[in-house]
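Sequence and predicted model, in that order:
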Amino acid sequence: MTDGIFRQLLRRPAGLTVLVVLGLFYLIAVFADFLAPYSVTDQDLRSTFHPPTALFIEDGRLHVQRYEMHDGENDNAGYRKVPGEGSPISFFAEGRDYRLLGLVPMNRHLFVVEGPDRLYLMGSDQVGRDIYSRLLHGTRISLSIGLIGIAISMCIGFIVGGLAGYFGGVLDNTAMRVTEFLMAIPGLYLLLALRGAFAEDFTPTQMFFLIVFILSFIGWSGTARIIRGMTLSLRNRQFVLAAEVMGQSSWKILWIHVLPNVFSYLIVAATISIPGYILGEAALSFLGLGIQDPSVSWGLMLSQAQNPQVFMEGYWWFLVPGLAIFVTVISFNVLGDVLRDIVDPKQKFLRT
Amino acid sequence: MKTLIAKRLLILIPMLLAVSLMVSLLMSLAPGDPVTQFEMMPDVDEDYLQRLREDFGLDKPWYVQYFHWLGQVVPFSYDPQAASFFQRFDFTPNFGFSYHYRTEVWDLIVQRLPATILLSLTSLLLAWLIAIPLGVLAAIYKDSVFDRISQMLAYAALSIPEFFLALLALVFAAWTGWFPIGGFTSTEYDFLSPWGKFLDIAHHLLLPTIVLGIGGVAGIMRIMRANFLDNIRAEYVTTARAKGLSEGVVMFRHVFRNAINPLITAAGFAFSSILSGALLVEIVMNYPGIGQLVYDALLQQDAFVVQAAVLMSVIMLMLGNLLADVALSMNDPRIRYD
Amino acid sequence: MTDQTRDRSPTAPLLEVRDLTIDFQSHGRSQRAVDGISFSMAEGETLAVVGESGSGKSVTALSLARLLPGPPECSISGQILFRGTDLLACKPHEIRRYRGKEIGYVFQEPSTSLNPVFTVGYQIAEAIRLHRPEVTDVRAEIIRVLDLVGIRNPELRWNDYPHQLSGGMQQRAMIAMAVACQPRLMVADEPTTALDVTIQAQIIELLRDLRTRLGMSVMLITHNFGVVSGFADKVIVMFRGRIVEAGSVEEVLAAPRHPYTRALLACIPRIGQKRRRLATIDYAAIERELREGEGGA
């Protein structure tokens, strides 16, 4: 069943496009260490707020342009090219050590600068870290938070929604009141209130899972309601009644008869809700309540764009993470819409 | 209709109790309390801090604090000596005292709430004014270039994070200097004429409204387009045409009135995301609303302010949904709430 | 509208359809719904168009006032002469003067054909305001028309929404909308199909009554021969987009020439006739008979 969905997805131009884009992003997330010339924390206080560096070719090799600080007139300090000077770039060269997939020790990189100059493809931030490298590493948070988040909330949603729809009565009533309660609080207010209950000092991994946990806690209610609706409509179908008459346990019926029937909807509902998790994490980190420096996430990087210097001097490259969030979210949105068109074209269960 | 309103208002009471209980619990779970920040100061001695905690009741378990708070909140005091019957009841709610702002929480709310309500309403209005004609046109000219472009723009608008858009708007304001950066009024507001005051607020409101409205435009446009397409083939459309009505009347009177119904329901739900969006926009664009208040209060562990702000957001959401239901029953004669 | 203009050309038929062909395009395929049919109706005459669903009779009815979708989806050729004017050659704003004013429509399903969010009176008023600007008291006129179609207490009911009326009352309101501007031709597209049997007879009786009172011609689309006898003057039998039989009702009922007509007539249950099961249409047999007929000629 899911196999057919995937094939239909590939046949639609929009579906194919976003699959390629997302595939690329996931590759970047996996190989970020290989693709990035610098580590997340590699800073250089002598080149803060550096604009994207120019490249030039000399002796058949690509070089990074050298810059020097100048004081300029009217306090207009900045960087100035040093004509003709720079450092060569080597490809697939050895550089800093890292572990591929967190396991395999490696030190090869796509490109490494040989020399004193630093390569800033997308400029540097206020402590001279390479925004390009941080952007690549930030992919990991945004692309995994959605998947882990929905995995959790789909499980809770399926169990609660399935049981509520199947058994009805008090259980159903209680479950629905709880979901209504969660939905009665505007999402971000609830998010902040939940976040407020926890301390500031967490390790990056703890923080990541805390955010996932909070987002899933908010997110399961919507799924539960969709699943409940579908289970209710399946509840009185012949094959479920037949299974019941034959004395199968409720758990087994839910698992064998209900789940496969709602599975494709579940996939679509999951895809549709992924952007919510990505945006939720980005918003939390942006507000300084999520991923903390020196770890990296796109939302956190964007919060650095709130620096007044960025505004006044027009350091546009600080806004690039926003573009990355935008592309990821729009890809998942399109994917979700195409999937819904395939699975639920009449929008019986999954409305816009 | 009256039963609907009464029922909804009654549901609001247990809902608010549950929300406030949860917020109290959450705030008490957080390590530290409002007094913690004074511990760092070298010239403050332990006894003073202890006294502060006792004064605020911070040394008691959270549920004791909660019921103490609850006892204060119920905005009801009876004064048999008052002149008229109605003056005997005092409805001023007491939401406690803000440690951080050193003022009554209720005063803060009264100060901030109108700004948030105004921002939400203007952006909702903007979204409707732009999205409805766009959605209708996209449906009428389905699969045209206009339809495709507007669909694509809708996707884009739906996918831009509000805080990123707010940031872009700030950059725009800073570069052009056309708009004030942050605030609800200018410093010279008090000296302006009524018309000047209106313009001043509008000037401050414009950019946040656009930022918050754009996401709404996209969502409403898509719903409107889908609804319109659902109705455009209905049999009553043929009937209307068979009467000799012009295509404009058929579309904008007959189809439109039917297509708008699901949109009104959706507006109720959208209110939740508008409030969430407003929170981010307020913080980024430094707009003094209730969202900015709850954020600052959270950072300062100002529990009562967080409590009150969250409760206000719940009330706004419930009232928004109620209004949507009332509007729906007025537009659709088939709907009866009994 | 004076009597003079009404009787401008007494000899010309009210409606003359010549070589009408209608094609529908969907998913790149073209489907011929109506295949070169011709027929005519005289002033005051009642024509029944009989055929099963998909035979093209409803499409023909809608095409008269050009109520079918536009060109990419649907293309029409031929001529529809209404009192000498070719409606197919009219500009869109010209055709609107015929809709409702000269040709009134009644559809099959009143519950979906009436707009649910407007009152019945409002929907009738729309037609009156559009085509009869001389009417000053629109409310009184609505009530008069509702009374005409047999709605009791019209002064109370005109402000009702469609869902507040029963199916039969809804169809009466629908008919009121169709006759509000005293059209010369009423096209009733299966007006009784969606109704209870007892109501069906009432509605047919109402149409019969209105026909004589207002001097309208009526084109009745139906799949039921039972309704035709005693109501229509002429009958057309349509089968797969073509007219397979045409003539006066007496002729066709007494001596059906086409095998399909015979099959349709055989489907009507008759009182006093004992049958174990109702007849069904055997298409293979009809086609066989048609082929043999062609071979013989």
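Alright, I've got the coordinates.

Quick check, the residue in chain C closest to chain A?
Nearest residue of chain C to chain A: C:H27, at 15.2 Å (C-beta to the nearest C-beta). C-beta coordinates here come from the backbone N, C-alpha and C atoms, glycine included.

which residue is nearest the centroid of chain B?
In chain B, the centroid-proximal residue (C-alpha atoms, centre = their mean) is B:L275; its distance is 3.6 Å.

so what's that residue scoring on pLDDT?
You'll see B:L275 listed with a pLDDT of 87.

swap in B:D90?
61.

what do you get for the one 5 residues further on?
For B:F95, the model assigns a pLDDT of 77.

did I read that right, it in a helix?
No. Assignment of B:F95 by DSSP: H, G, I helix; E, B strand; the rest coil gives coil, placing it outside any helix.

What mean pLDDT does stretch A:37-54 get?
77.

Which residues are in contact with the nearest residue to C:M174 once chain neighbours are set aside?
In this structure, C:M174 finds its nearest non-sequential neighbour in C:P110, 4.8 Å apart by C-beta to C-beta, 6 or more residues apart in numbering or on different chains. Each residue near C:P110 by C-beta atoms under 8 Å, 6 or more residues apart in numbering or on different chains is listed here: C:162, C:167, C:170-171, C:173-174, C:194.

if I look at the residue of the stretch 1-150 of chain A found nearest chain C, how far off is A:E114?
In the stretch 1-150 of chain A, the residue that lies nearest chain C is A:R11 (15.9 Å; C-beta to the nearest C-beta). When C-beta to C-beta, to the nearest Å is applied, the distance between A:R11 and A:E114 equals 47 Å.

Which residues of the stretch 1-150 of chain C lie near chain B?
For the stretch 1-150 of chain C, the residues in contact with chain B (C-beta under 8 Å from any C-beta of the partner chain) are C:62, C:65, C:67, C:92-93, C:96-101, C:103-105, C:107, C:109, C:112-119, C:123, C:126-127, C:130-131.

pretty sure the residue nearest to the centre of chain B is in a helix, no?
Yes. With three-state DSSP as the criterion, B:L275 is part of a helix.

returning to what we had before: ramachandran angles for the residue of the stretch 1-150 of chain A closest to chain C?
Main-chain dihedrals, A:R11, degrees, to the nearest 10: phi -80, psi -20.

ok, it - how many residues close by?
As a burial measure, A:R11 scores 10 neighbours (other C-beta atoms under 10 Å in any protein chain shown).

where's it relative to chain B, distance?
19 Å (C-beta to the nearest C-beta, to the nearest Å).

picking that back up, pull out the buried residues from the residues of the stretch 1-150 of chain C next to chain B.
Buried residues within the residues of the stretch 1-150 of chain C next to chain B, counting neighbours by 16 or more other C-beta atoms under 10 Å in any protein chain shown: C:62, C:65, C:67, C:96, C:98-101, C:103-105, C:107, C:109, C:112-119, C:123, C:126-127, C:130-131.

just to revisit the earlier point, what subset of the contacts of C:P110 is buried?
C:162, C:170-171, C:173-174, C:194.

Between those, which sits nearest C:S53?
Set against C:S53, the nearest of the buried ones among the contacts of C:P110 by C-beta to C-beta is C:A194 (13.2 Å).

Tell me the pLDDT of the residue lying closest to that closest one once chain neighbours are set aside.
In space, and not counting its chain neighbours, C:A194 is closest to C:E109: 4.7 Å by C-beta to C-beta, 6+ apart. C:E109 carries a pLDDT value of 88.

now do B:A278
Confidence score, pLDDT, at B:A278: 89.

That one sits in which helix or strand?
helix B:256-284 (DSSP states H and E).

now swap in C:Q202 and tell me
helix C:197-214.

Packing partners of the helix or strand that comes right after that helix?
Using DSSP H and E, the helix or strand that follows helix C:197-214 towards the C-terminus is strand C:217-222. Strand C:217-222 sits against strand C:46-50, helix C:57-64, strand C:185-189, helix C:197-214, helix C:225-228, with contacts defined as 3 or more C-beta pairs under 8 Å, 6 or more residues apart in numbering or on different chains; DSSP states H and E.

got the CA coordinates for strand C:217-222 in CSV?
Extracted in CSV, the C-alpha atoms of strand C:217-222 (Å, rounded to 0.1, in the frame of the first residue of the first chain):
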residue,chain,number,x,y,z
SER,C,217,-45.4,25.5,-23.5
VAL,C,218,-43.8,22.7,-21.4
MET,C,219,-40.9,20.5,-22.2
LEU,C,220,-41.0,17.6,-19.8
ILE,C,221,-37.9,15.5,-19.5
THR,C,222,-38.6,12.1,-17.9
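
returning to what we had before: tell me which strands and helices the helix holding C:Q202 is in contact with?
By 3+ C-beta pairs under 8 Å, 6+ apart, helix C:197-214 packs against helix C:167-179, strand C:185-189, strand C:217-222.

mind putting these in CSV, mean pLDDT and distance to A:L279 included?
Shown next, in CSV, are the helices and strands packed on helix C:197-214 (pLDDT from 0 to 100; distance: least, C-beta to C-beta, whole Å):
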stretch, mean pLDDT, distance to A:L279
helix C:167-179, 90, 48
strand C:185-189, 91, 52
strand C:217-222, 91, 56
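
want to throw the ones you listed into a markdown table with distance to C:A33?
A markdown table is the format used below for the helices and strands packed on helix C:197-214 (distance: least, C-beta to C-beta, whole Å):
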| stretch | distance to C:A33 |
| --- | --- |
| helix C:167-179 | 24 |
| strand C:185-189 | 14 |
| strand C:217-222 | 14 |
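
Name the residues that touch the helix or strand that C:I128 is a member of?
Under the criterion of DSSP H and E, C:I128 resides in helix C:120-131. Identification of contacts with helix C:120-131 by C-beta under 8 Å, 6+ apart yields B:239-240, B:243-245, B:249, C:97, C:100-101, C:114-115, C:135, C:138-139, C:141-142, C:145-146, C:157-162, C:165, C:173, C:176-177, C:180-181.

Taking helix C:197-214 as reference, get the angle to the helix or strand just after that helix.
As assigned by DSSP H and E, the chain's next helix or strand after helix C:120-131 is helix C:138-148. Between helix C:138-148 and helix C:197-214, the angle comes out at 120 degrees (axes from the mean of the first three to the mean of the last three C-alpha atoms, to 10 degrees).

contacting residues around helix C:138-148?
Here helix C:138-148 has contacts from C:120-121, C:124-125, C:128-129, C:132, C:135, C:154-155, C:157-158, C:172-173, C:176, C:179-180, C:210, C:213, using C-beta under 8 Å, 6+ apart.

from the residues you listed, which would you call buried?
C:120-121, C:124-125, C:128, C:132, C:135, C:154, C:157-158, C:172-173, C:176, C:179-180, C:210.

What about residue 165, how many residues nearby?
I'll assume chain A. 25.

my bad, chain B
22.

Who are the contact partners of it?
So B:L165 contacts B:211, B:214-215 (C-beta under 8 Å, 6+ apart).

Nearest to chain B among the contacts of C:P110?
Taking C-beta to the nearest C-beta as the measure, chain B lies nearest C:M174 of those, at 7.6 Å.

check contacts around the closest one.
Contacts of C:M174 by C-beta under 8 Å, 6+ apart are B:239, C:106-107, C:110, C:113-114, C:191.

can I get the residues you listed in JSON lines with secondary structure?
Shown next, in JSON lines, are the contacts of C:M174 (three-state DSSP):
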{"residue": "B:T239", "secondary structure": "helix"}
{"residue": "C:V106", "secondary structure": "strand"}
{"residue": "C:F107", "secondary structure": "coil"}
{"residue": "C:P110", "secondary structure": "helix"}
{"residue": "C:S113", "secondary structure": "helix"}
{"residue": "C:L114", "secondary structure": "coil"}
{"residue": "C:P191", "secondary structure": "coil"}
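
Just the closest of these to A:M183, please.
Among the contacts of C:M174, and counting by C-beta to C-beta, the member closest to A:M183 is C:L114, at 36.5 Å.
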